[in-house]
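Q: Output the structure for:
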Amino acid sequence: MLYKINGLQTQTMELESLAFKDFSCYGKLEKDLEDLIAKNLLDKLFENFKIMPIFQERKRQAEADIYALNEKGELIIFELKRATATADAVMQILRYSQDAGKWSFHEIQSKYDTYVGKKTNLIDAHKEAFNLDEPLLPLDFNKKQNLIVIGSAADIGLINSIDYWKNSGISIDFIPYRVYEINKEVFFEFFALPYDFHTNVTDNKGVIFDTNRTWNENSIWYMFDNDRVAAFGDAKRFINCLYPGDLVFFSHTGTGIIGAAKIKQGNVIKDNKDTLYRDVDFLTAKPVKDKPLKSVSFSDVSNILGKSFYWARTIKVPYLSIDEANTLLKHIKTKFQE
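A: Got it, this is the predicted structure:
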């Protein structure tokens, strides 16, 4: 809920509740809400929640809105309601969970192929995404389903239903979203589990950022030679997650962290229709073409910081606190001097 503070400069401050809206107020469909959340699932809405999206619902199919995997290979199932979520939403997602709980590994593989638009090896993709020491076996996938209902509000029936199924051992939660209209601008509010953790955009942070090696081997030279961090194509939006003062660590697929820099003051810059970048000051020696790359392995990064990451994306979540970033930077500098 959002409140306006009246009388901030007086001794009689009061809170005034602001009315919230939902997508239906703007003529938007649940599919519009689904696409908005799916597009921003990892980099904004669940920035500290490591999940691997594998499927979205198809038209006229009895399917949940979004399916994902966690590090253990468990399914995470999202059911979205553009307005108030009722007990019916719980029964609906339970039916989807019952169906999805029967999916074999082959079925999950097929759905993931449909989602990414090509033939893949899901076991390898999952291992790489979570930097696992050993890949999961096919039988390790889908041993459990975790259910999340999202709506603009919850009625008492939904609350009672979720409490009942939670007490019965089902992994199920409700997350509210809200839309506010203030001074003719529209704002989207979202509460992330388990502690509504979101990095304040004004706080400096550390970000592990991909060099785009999978798609273009020369992308790192575009960045290092021009003192910038860049993103390309459909991933270019991730540059907007970086702010002046942030520390960025360059993650090179198959190698490790190959450099670190600090984001300079200034705005995001558009180089061309497929490229966005920010200028940086490098804090480590830049690699040289045709010479071996110095690096810190991904497993070392996890060991140093005592946390694991979701590696299969341009920005590797979770973000680092500035203290964690400085710890990693110190280790990289020491390693590169060896």
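
Q: low pLDDT regions in the stretch 51-200 of the chain?
A: Applying pLDDT under 70 to the stretch 51-200 of the chain flags the ranges 194-199.

Q: one more time with 80, if that's ok
A: 58-61, 192-200 (pLDDT under 80).

Q: Tell me which stretches of it form strands.
A: Ranges of strands in the stretch 51-200 of the chain, per DSSP state E, counting those that start in this stretch, are 52-56, 66-69, 75-80, 84-85, 145-151, 153-154, 171-182, 185-190.

Q: Show me the domain layout of this protein.
A: The record assigns the chain these domain ranges, following automatic domain parsing: 27-180, 206-337.

Q: Looking at the helix or strand hosting Asn303 now, give me its mean pLDDT.
A: Per DSSP states H and E, Asn303 falls inside helix 298-305. For helix 298-305, the mean pLDDT works out to 94.

Q: Run the chain-centre distance for that helix.
A: Relative to the centre of its chain, helix 298-305 is centred 20 Å away, using C-alpha atoms, centre = their mean, to the nearest Å.

Q: Run through who's touching that helix.
A: Applying C-beta atoms under 8 Å, 6 or more residues apart in numbering, the contact partners of helix 298-305 are 131, 133, 208, 251, 256-257, 308-309, 311, 320, 324, 327-328, 331. The C-beta positions use only the backbone N, C-alpha and C, and glycine is treated the same way.

Q: Of those, just the buried ones, ChimeraX syntax please.
A: To isolate the buried members of the contacts of helix 298-305 in ChimeraX, using 16 or more other C-beta atoms under 10 Å:
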select :131,208,251,256,257,308,309,311,320,324,327,328,331
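
Q: Secondary structure and distance to Asn267 added to the contacts of helix 298-305, as JSON lines?
A: Conversion of those to JSON lines gives the following (DSSP: H, G, I helix; E, B strand; the rest coil; distance: C-beta to C-beta, whole Å):
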{"residue": "Asn131", "secondary structure": "coil", "distance to Asn267": "33"}
{"residue": "Asp133", "secondary structure": "coil", "distance to Asn267": "41"}
{"residue": "Ile208", "secondary structure": "strand", "distance to Asn267": "22"}
{"residue": "Ser251", "secondary structure": "strand", "distance to Asn267": "24"}
{"residue": "Gly256", "secondary structure": "strand", "distance to Asn267": "30"}
{"residue": "Ile257", "secondary structure": "strand", "distance to Asn267": "26"}
{"residue": "Ser308", "secondary structure": "coil", "distance to Asn267": "33"}
{"residue": "Phe309", "secondary structure": "coil", "distance to Asn267": "28"}
{"residue": "Trp311", "secondary structure": "coil", "distance to Asn267": "28"}
{"residue": "Leu320", "secondary structure": "strand", "distance to Asn267": "23"}
{"residue": "Glu324", "secondary structure": "helix", "distance to Asn267": "26"}
{"residue": "Thr327", "secondary structure": "helix", "distance to Asn267": "29"}
{"residue": "Leu328", "secondary structure": "helix", "distance to Asn267": "26"}
{"residue": "His331", "secondary structure": "helix", "distance to Asn267": "31"}
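
Q: what would the contacts of helix 298-305 look like in CSV with distance to Thr284?
A: CSV is the format used below for the contacts of helix 298-305 (distance: C-beta to C-beta, whole Å):
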residue, distance to Thr284
Asn131, 21
Asp133, 27
Ile208, 14
Ser251, 13
Gly256, 13
Ile257, 9
Ser308, 23
Phe309, 19
Trp311, 20
Leu320, 16
Glu324, 17
Thr327, 14
Leu328, 11
His331, 11
